[in-house]
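*Asks:* Whatever this is, show me its structure:
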Amino acid sequence: MDASKRLLIADALMGIVQKARHGGPLLKIGLMATGGELGAEEILRGGLLAQEANPGVQVVAIGPRIPGFDGLEWMETPDCEVDVTAAVAKATTAGAVAGVVAMHFPFPIGVTTIGRSLTPGRGKPMFIASCTGFSGSSRWEALLRNAVYGIATAKALGVARPTVALLNQDGAGPVFRALGRMKEQGYDINFGTSLRGDGGALLRGNDLVSGAVDVLVCDTLTGNALIKIFATFTSGGQYESVGWGYGPSVGEGWRRIISIVSRASGAPVIANAIAMTAKMAAGGLPDLVASELRAARVAGFDAALEQLKPKESVKAIKKPPAVPVDAEISGVDVMDMEAAVQTLWKAGIYAEAAMGCTGPVVRVQAAAKDNSVDILRQSGFI
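*Replies:* Predicted structure coming up:
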């Protein structure tokens, strides 16, 4: 019997042994073994914790070997971040591991991560879409994509119809309306609601602490800050002890599952991140992202992206004669207020931008309100 046949038989026997020992095939998850502020030992301790809690997972440490962690499989590299990052990329591309947990990775524009944290108010887990990277070239595009990617990530973890809401921040209003139009056209989005008395799918700070929904949609910088706050809520800020980290990478056409944790993440968070990465791989996250995008496109996703493109600056238009303004129009994003007002001026309607008790408003004469609403709607402002 030649060597190649013996190797095939050995691999087959090893597969049988693994299935018998672990109740299924062994899933290999890579772990960047260097780069943390708490030391390599803390990172690798997270790897051992993950293996102990998840018998079907084999952690593959990627980096310079550290004595005392022979219970992990090793993919050794020089003690250099460039070499370690290159090894992570090679391992995921070649299929040597099903996913990787890393302190950093140079994602291209269009790829982001969906984090998961344990909210301190009621101890509920919540996905935060997104936390690192950029899913779109503009804020509005990114928020819309984050909603779709957040839903897909929750489904990969077994949440069949996750509740979804947006943080009430710049851009949330137009994106919420775009998602609402997609829902009317058949997209199966399950809007959650604020726990505050007036409800709604635009969440406040109270809702974040309580974990009001399964998936919170926000911009990546805000999501990054939220994950850090929740992870260090009881530790004083220097040790991330709670949650699942900054989450797996997602993007259109992106096939790698690379989950990010902070350089300040402790062993418990790293162990959770490894376990979640394994579940994302087993759940077919890249395929679910592609499937969710197809469903969104059938319901007008591309048209929504086009409408959400940043509007060009409106050239100065002569202001109509001032008249008393006693009616308010809400729903225009704060970034579009000047353009919205000048659009009404162009139509001969006097209008003013103002800040109402619930956010920015356009003020007009009551007699001109209905016509003004029609103009702003046709122009894509509301």
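*Asks:* Averaged pLDDT, stretch 211-221. What do you get?
*Replies:* The pLDDT scores in stretch 211-221 average 96.
*Asks:* domain ranges for the chain?
*Replies:* Here the domain parsing of the chain from automatic domain parsing is 19-99, 111-307, 327-378.
*Asks:* where exactly do the strands run in the stretch 1-150 of the chain?
*Replies:* 27-32, 57-63, 73-76, 99-102, 111-118, 125-134 (DSSP state E, counting those that start in this stretch).
*Asks:* how about those strands in a markdown table, adding mean pLDDT, distance to V261 and mean neighbour count?
*Replies:* Placement of C-beta: from N, CA and C, glycine included. Listed next are the strands of the stretch 1-150 of the chain as a markdown table, based on pLDDT from 0 to 100; distance: least, CB to CB, whole Å; neighbours: other CB atoms under 10 Å:
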| stretch | mean pLDDT | distance to V261 | mean neighbour count |
| --- | --- | --- | --- |
| strand 27-32 | 98 | 9 | 25 |
| strand 57-63 | 98 | 13 | 24 |
| strand 73-76 | 97 | 18 | 16 |
| strand 99-102 | 98 | 6 | 28 |
| strand 111-118 | 96 | 10 | 28 |
| strand 125-134 | 95 | 10 | 26 |
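*Asks:* Please enumerate the strands of the stretch 201-350 of the chain.
*Replies:* 202-203, 215-217, 249-251, 258-260, 327-330.
*Asks:* Go through those strands and name the closest to Q51.
*Replies:* For the strands of the stretch 201-350 of the chain, the distance to Q51 is smallest for strand 258-260, at 16.2 Å, taking CB to CB.
*Asks:* What are the buried residues along stretch 131-148?
*Replies:* 131-136, 139-148 (16 or more other CB atoms under 10 Å).
*Asks:* on that earlier part again, make a markdown table out of the domains of the chain and add distance to K319.
*Replies:* As requested, the domains of the chain are exported to a markdown table (distance: least, CB to CB, whole Å):
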| stretch | distance to K319 |
| --- | --- |
| domain 19-99 | 55 |
| domain 111-307 | 25 |
| domain 327-378 | 6 |
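*Asks:* Could you tell me the least trusted of those domains?
*Replies:* Looking at the domains of the chain, the weakest mean confidence is domain 327-378, a mean of 86.
*Asks:* End to end on that one, go ahead and measure it.
*Replies:* 19 Å (CA to CA, to the nearest Å).
*Asks:* Tell me who's in contact with the residue lying closest to T163 once chain neighbours are set aside.
*Replies:* Leaving out its chain neighbours, the residue that sits closest to T163 by CB to CB, 6 or more residues apart in numbering is G192, at 3.3 Å. Contacts for G192 (CB atoms under 8 Å, 6 or more residues apart in numbering) come out as T163, V164, A165, A201, A212, V213, D214, V215.
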